[in-house]
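> Need a 3D model of the following:
(chains A and B)
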Amino acid sequence: MRLHTSLRLAAVVAATALLATACSSGGGDETTDGSTGSGEKVELTFWTWAPGMEEVVDAWNAKNPNIHVTVNKQDGGDPAVTKLLTAIKAGSGAPDIFQTEYQKIPTLVSSDALADIADVLPDGTKDHFAAGTWEAVTLGSDAVYGVPQDSGPMEFYYRDDVFQQLGLQVPTTWEQYAEVAEQLHTADPTKYLGTFSATDAGWFTGLTQQAGASWWGIDGDAWSVEINSVQTLKVAQYWGDLVEKGVIDNKPMYTPEWNAALNDGTQVGWLSAIWAPGVLEGNAPDTAGKWKMAPMPQWDGDNATGNWGGSASSVTSQSKHAKEAAQFIAWMNSDQEAVNILVSAGGLYPADIPGQAEALANPPAFFSNQPDFYTLAGQIAQTVTPFTYGPNVNVAYSAYNDEFGKATEAKKASAFTDAVQAMQTATVDDLKSSGFTVKD
Amino acid sequence: MTTTLTRPSPTPVPVRTSLDQRRHRPSAPATITLLLGALYCLLPVVWVVMASSKSAGELFSTFTFAPSTHLWDNIQELSTYRGGLYWRWMVNTVIYAGVGGGLSVLISAMAGYGLAKYQFVGKKAIFYVILAGVLVPGVVLAVPQYLLLAKVGLTNTYLSVLLPSLISPYGIYLSRIYAAAAVPDDVIEAARTDGAGELKTFLQIAVPMMKPGLVTVFLFQFVAIWNNFMLPYIMLGNDRLFPITVGLSGLLNQGASQPAMYTSVITGALLSIIPLAALFLTLQRYWQVDLAAGAVKA
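So this is what the prediction gives:
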């Protein structure tokens, strides 16, 4: 009798679970594992976080009824990568197409998350991109792990109105940048020419790239790590000095506090990349027309800049429709119509060189006071120095957050160079313990 | 129901009046402590209300607690984001929390009643395992649950979020305690003598007696699922299945090259509190019933 009762209870539980199945089957699970037979409709899912992707995808879907793409927005950057890697390990759940930041491609390739689409890409796709950009998606091999979408050459953004008001010169060298930072802060102690952000490793990487650093290197099968190179240490020492003097702020970017400082004019400059207008417009819309863009301050005579941000589109190794997915990403990133939408709706700087002239005819609305914005940007973009990313960028970046977080708190130049050494150690140790061959 | 609101006092009448007098004299330290507590809880809510009435330009430039006039604009902007996706997230959240909470109550009630009122082999062991489950945070289980559900191809579906939400060790534990206290064995014996089957006894005799406890379990579970982030975040790739928590997080994290959609996120957070507040206001009357009240009450 008692056993009977518990059995009945179990039956009720089971029935409830069935009911739950029935309730939820109406859900929109849109991954399709259907066959690829010719003429049959193919469903592709696309994980991205960039704005404007729906518009590009809508244009594609309208023209290609048999290859339907669905955009699934994800948390940007590292969270999306973690999620993708979890799905790859689990064996299911990954999308067909994934937005890959350039610095994450080696990580994703070493985890077998990306498909090699060299054989299925339309002919001539490669010719649309600069050699350096293309290398970022091939990693110097014969394989192709994506199609470049946008890039982020770095520039110096500054409040023209404040510069004029205080009679400041736009710095063209780092030496001048330090002087202007001091003049500005002395003239008005609430104001800073910039901030050293301990939460934006990509930004610091771009600064060291400009100075000629390349943190990783590959020689045959062996990786080398050169985070503690002379160039990186020089950049760290330079910023450490400015922070120690107190003429540059030590608060992270992308915080409500930083946004407030952009609004009230206490952050007078921002070393950022080509996509900065969108961020400024979103965070400080009322400062429209007050900003200007200039090339980065330089170390030596020769013009150079680094890169911050930018992504490619890749096909994941779980996709059952690599050919169709490759067709789509090639179109999205190199067709004139698509590139125009990427610029107008997504506000990004397209990697596709033939499409740039038409898509970038007008300056961004936020910089309508600088009509030659994209002409200047185009010249700057050609001075990006080469940089190699390794398979454990995430480790180096999280070491950056930890170590520079402490260093900016301490406000000591020596702490900045120590932080670089600690990043080097953490990165090398991780590569070794992950089983990579590391050259000393 | 009204009878249960008056607190039964076992003490003789004269003593009670003196107790009443003492009860009516407010104590200053206690009042101040409670006021501070209320302030502590309400300030963030006030902030959300104020911030959601500001435009993007005002958000970081005007005084923190100064209201503005852009609430409706913000709601409209949020509603037009990708074709009203936010409202779809809201519906999803209601489905996850409502269905998940409801089924979880049913399971907790049955399991708790079974553990409290039946004798069977391994009963203690089962109860201790559930008790241990109370101590394990749900976040820890999210990844293993993902890997398990991926094996049966259920990730990225409504079920992937609902199934793990069904079993609430705390709910079962609370139901067991509550059933033991609120449902006397005599009543069950009487029902059996009168010929009621076990299921009927449970549904028609025990469940009504356990109602205040079950409402508590429902509210706990509803709020837990409503606020849950990690589980749906890991399980779901399709943004049309997202609950509000995961959806709003995406609006905040669009990468370094994009501004975070602060005003939309804050407005979205404000709107997502409303159903929770409404639920508490409608269900709180069940909580006024003394939790210690048993079957012998009037």
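> how near is A:Leu280 to B:Asn92?
For A:Leu280, the distance to B:Asn92 equals 34 Å [C-beta to C-beta, to the nearest Å]. In this view, the C-beta of every residue, glycine as well, is placed from N, C-alpha and C.
> Repeat that for A:Ala326.
32 Å.
> Comparing those two, which residue is more hemmed in?
Neighbours per residue, other C-beta atoms under 10 Å in any protein chain shown: of A:Ala326 and B:Asn92, the larger number sits with A:Ala326, 26 against 23.
> Do I have it right that the more buried one meets A:Ala118?
No. Judged on C-beta atoms under 8 Å, A:Ala326 makes no contact with A:Ala118 at a distance of 9.3 Å.
> For A:Val378, give its distance to A:Met423.
Let me fix one detail, which is that residue A:378 is Gly and not Val. 33 Å.
> now B:Pro26
Distance, B:Pro26 to A:Met423, using C-beta to C-beta: 59 Å.
> So if I had to pick from the two, which one is more boxed in?
Taking neighbours as other C-beta under 10 Å, B:Pro26 and A:Met423 compare with A:Met423 leading, 28 against 7.
> How about the stretch 151-298 of chain B: which residue is closest to chain A?
Taking C-beta to the nearest C-beta, chain A has its nearest neighbour within the stretch 151-298 of chain B at B:Pro259, 2.4 Å off.
> Can you report how many residues lie near the residue nearest to that residue when sequence neighbours are not counted?
Distance criterion C-beta to C-beta, 6 or more residues apart in numbering or on different chains; nearest residue to B:Pro259, sequence neighbours excluded, is A:Gly282 at 2.4 Å. As a burial measure, A:Gly282 scores 20 neighbours (other C-beta under 10 Å).
> One more: A:Tyr238?
When counting by other C-beta under 10 Å, one arrives at 20 neighbours for A:Tyr238.
> for the residue of chain A found nearest chain B, what are its contacts?
Residue of chain A nearest chain B, by C-beta to the nearest C-beta: A:Gly282 (2.4 Å). A:Gly282 sits next to B:56, B:258-261 when contact means C-beta atoms under 8 Å, 6 or more residues apart in numbering or on different chains.
> among those residues, which two are most distant?
For those, with distances taken as C-beta to C-beta, the pair at the greatest spread is B:Ala56 and B:Gln258 (13.4 Å).
> Let me see the mean pLDDT of the strand or helix carrying A:Lys89.
Counting by DSSP states H and E, the element that carries A:Lys89 is helix A:78-90. For helix A:78-90, the mean pLDDT works out to 89.
> buried set for that helix?
By neighbour count on 16 or more other C-beta atoms under 10 Å in any protein chain shown, the buried set for helix A:78-90 is A:78, A:80-81, A:83-90.
> still on that earlier bit, what's the closest of the contacts of A:Gly282 to A:Leu44?
For those, the nearest to A:Leu44 is B:Gln258 (23.3 Å; C-beta to C-beta).
> Isn't that closest one up against A:Pro277?
No. Taking C-beta under 8 Å as the definition, B:Gln258 is not a contact partner of A:Pro277, at 11.3 Å.
> B:Ala56 and B:Gln258 - which one has more neighbours?
Each of B:Ala56 and B:Gln258 has its neighbours counted (other C-beta under 10 Å); B:Ala56 has more, 24 against 21.
> quick one: secondary structure of residue 156?
Unless you meant another one, I'm taking chain A. The assignment at A:Phe156 comes out as strand when based on DSSP: H, G, I helix; E, B strand; the rest coil.
> oops, chain B please
Here B:Asn156 is recorded as coil under three-state DSSP.
> Give me the contact list for the one helix or strand A:Phe163 maps to.
A:Phe163 belongs to helix A:160-166 when assigned by DSSP H and E. For helix A:160-166, contacts defined as C-beta under 8 Å, 6+ apart pick out A:168-170, A:183-184, A:187-188, A:191, A:265, A:268, A:290-292, A:369.
> Now render those as JSON lines, adding distance to A:Asp402, pLDDT and secondary structure.
Output for the contacts of helix A:160-166, formatted as JSON lines (distance: C-beta to C-beta, whole Å; pLDDT from 0 to 100; DSSP: H, G, I helix; E, B strand; the rest coil):
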{"residue": "A:Leu168", "distance to A:Asp402": "35", "pLDDT": "94", "secondary structure": "coil"}
{"residue": "A:Gln169", "distance to A:Asp402": "37", "pLDDT": "94", "secondary structure": "coil"}
{"residue": "A:Val170", "distance to A:Asp402": "34", "pLDDT": "95", "secondary structure": "coil"}
{"residue": "A:Gln183", "distance to A:Asp402": "33", "pLDDT": "94", "secondary structure": "helix"}
{"residue": "A:Leu184", "distance to A:Asp402": "30", "pLDDT": "95", "secondary structure": "helix"}
{"residue": "A:Ala187", "distance to A:Asp402": "35", "pLDDT": "94", "secondary structure": "helix"}
{"residue": "A:Asp188", "distance to A:Asp402": "33", "pLDDT": "93", "secondary structure": "coil"}
{"residue": "A:Lys191", "distance to A:Asp402": "29", "pLDDT": "94", "secondary structure": "coil"}
{"residue": "A:Gly265", "distance to A:Asp402": "32", "pLDDT": "90", "secondary structure": "coil"}
{"residue": "A:Val268", "distance to A:Asp402": "29", "pLDDT": "95", "secondary structure": "coil"}
{"residue": "A:Lys290", "distance to A:Asp402": "36", "pLDDT": "94", "secondary structure": "coil"}
{"residue": "A:Trp291", "distance to A:Asp402": "32", "pLDDT": "95", "secondary structure": "strand"}
{"residue": "A:Lys292", "distance to A:Asp402": "35", "pLDDT": "95", "secondary structure": "strand"}
{"residue": "A:Asn369", "distance to A:Asp402": "40", "pLDDT": "92", "secondary structure": "coil"}
